[in-house]
Structures are given as C-alpha cells and as structure tokens.
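# Let's see this in three dimensions:
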Amino acid sequence: MQRRTLITGALGLTAGLAGCAATQEEFEFEAEPAAFDDAAVNEAGYERVQQQDIVVDRSVEAGGTERDVTVTNYATAYSREVSVGDQTRPLASAVVFSTPSISIVGQEFNPAASENLLDLVARASDQLDDRFEAGSIRDITKVEERDTTVLETETTMGVFDAVAETDGRELTLRLLVARVQRDGDIIVVGAAYPQQLVEEERSRAETLFGNVEHGA
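Down below sits the predicted model:
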C-alpha cells in the first residue's frame, strides 16, 4: 500500500517557503510509533497489514528565518473482511498515525494539531481508501460528534458519511476520526467501513480506538 504520498499530502507540513533567504538552522522531529493493541485487534477481527515511517523534508519560515525541517511520522494500517451483498471483501480499514508537534520559536507547523474534524477526516480519508478506487472517497458529510477516549485522554470523535467507488460501483462509507496529543506527538486514529454495517462495525472500530499503544 502506498502511504507516503497520501500522508505527506494529507497530514504533512504546511510549508511557508522563504524565498531566497539563506538557511540558518536545521531541525529534526520524530514521532514515536503508535499502533492498536494486539489483543484489541484480534477482538475486533482486524488484521495488521503494515507499519511504516514517513519522512518529510520541508523548508519553513519561522521567526524571519528559513529553517530546514525533517519530520518522521509513523502510520500503522489494518483491514478487515466484511460481507456486503453477495461478496466478502476487506472493505473495513483502520489506521493509527503519529506525527510530532513541530514547534519552532513558538510557531506550530503541523496542521494535524489544530485542524477541525471535518478537515481532518477529509485528509485522513486518503489513508483509508486503498481498498477503493484511488482518490474516490468524496462527498464527506458530518453525521455527529461523540465523546471517546484515546490513550486515556477524553476527546471528540467525528462521525461522517462519504461515498467511495469499488469495482465501478458506489458504496456509502461511515468514517470515524479522533485526535489526541501525548508526549509531544499528535495521534490520529481513523476507521472506514460500509455504512450498512454501521451497528456491528462501529463497536469494532471503537474497540480499536480505545486500545492504542504509543511509543515503547
């Protein structure tokens, strides 16, 4: 699964290019990896399919000076086979994305720290659509917000519906997304599954969200 482009574009840095100014400083930021607990993954019926690091290099302007920034993020992806109509396919997916807070002279350069949930799910959905036709998740609409707990931190979970395409057919998806900050990292958890399976799959996704491991 190709996640480098998706995550770089979706949850990467907002780079303010600083013209011809000479670079004065270099900064490196690295998140701690995050994943769902193995027992919770088994309970929810998911399978871990990949964990990878995503290294992003950017130049940003902070304090009137151009700075070279190297950021290492981590994404852990999961999938689950579900039955829709007469087919059983891996159309349920989940992801844990950890990205460092990027603070330079008091400025935060990581948009994942402050985006509203609609913007966050629009970007994070790119990480969840590899089971569908590339870039096909669209028409995202908000359903509700609910309280949830991730890494023992109370936060808000956004619930959205969207349309995706698979094998030339449209499928309505339910999307979940939540975000917390811990030990200098921003942790984003997301899930997507067919909307007609919402009652069963929601509880499975929430089992994952409630059992995140971060760092060693």
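
# Wait, Leu173 touches Tyr193, no?
Yes. Using Cβ atoms under 8 Å, Leu173 is in contact with Tyr193, at 6.8 Å. In this view, the C-beta of every residue, glycine as well, is placed from N, C-alpha and C.

# mind checking pLDDT for Met1?
Met1 carries a pLDDT value of 39.

# oh, and call the first residue 861 from now on, that's how I've got it
Fine by me, first position is 861 from now on; the one you just mentioned is Met861.

# Tyr906: what's it in contact with?
896, 938-940, 952, 954, 1064, 1068 (Cβ atoms under 8 Å, 6 or more residues apart in numbering).

# how about a cut-off of 10 Å?
Tyr906 sits next to 896, 900, 937-941, 950, 952-954, 1051, 1064-1065, 1067-1068 when contact means Cβ atoms under 10 Å, 6 or more residues apart in numbering.

# Backbone dihedrals for it, please?
phi -100, psi 170 (degrees, to the nearest 10).

# Could you measure from Gln912 over to Val1010?
The spacing between Gln912 and Val1010, counted by Cβ to Cβ, to the nearest Å, is 21 Å.

# more crowded one of these two?
Each of Gln912 and Val1010 has its neighbours counted (other Cβ atoms under 10 Å); Val1010 has more, 23 against 14.

# What residues sit buried inside stretch 940-951?
Within stretch 940-951, the residues scored as buried using 16 or more other Cβ atoms under 10 Å are 940, 942, 944, 951.

# Now do the last one, the pLDDT please.
As predicted, Leu951 sits at a pLDDT of 88.

# Same check on the second one?
The confidence metric pLDDT takes the value 93 at Val942.

# so it sits right up against Leu1031, yeah?
No. Counting by Cβ atoms under 10 Å, Val942 stays clear of Leu1031, with 11.1 Å between them.

# Can you pull the residues that touch both of the two?
In contact with both Val942 and Leu1031: 951, 1054, 1056, using Cβ under 10 Å, 6+ apart.

# and Ser985, that one's in a strand?
No. Counting by DSSP: H, G, I helix; E, B strand; the rest coil, one finds Ser985 to be helix, located in no strand.

# distance of the residue nearest to it when sequence neighbours are not counted from Thr932?
Distances taken as Cβ to Cβ, 6 or more residues apart in numbering place Ile997 nearest to Ser985, at 4.6 Å, with adjacent residues excluded. In this view, Ile997 and Thr932 are 26 Å apart by Cβ to Cβ.

# residue boundaries of the strands in this structure?
883-890, 894-896, 907-922, 925-944, 947-960, 963-964, 967-968, 998-1010, 1013-1026, 1029-1042, 1045-1054, 1072-1074 (DSSP state E).

# what's the model's confidence in the third one, averaged?
When pLDDT is averaged along strand 907-922, the result is 87.
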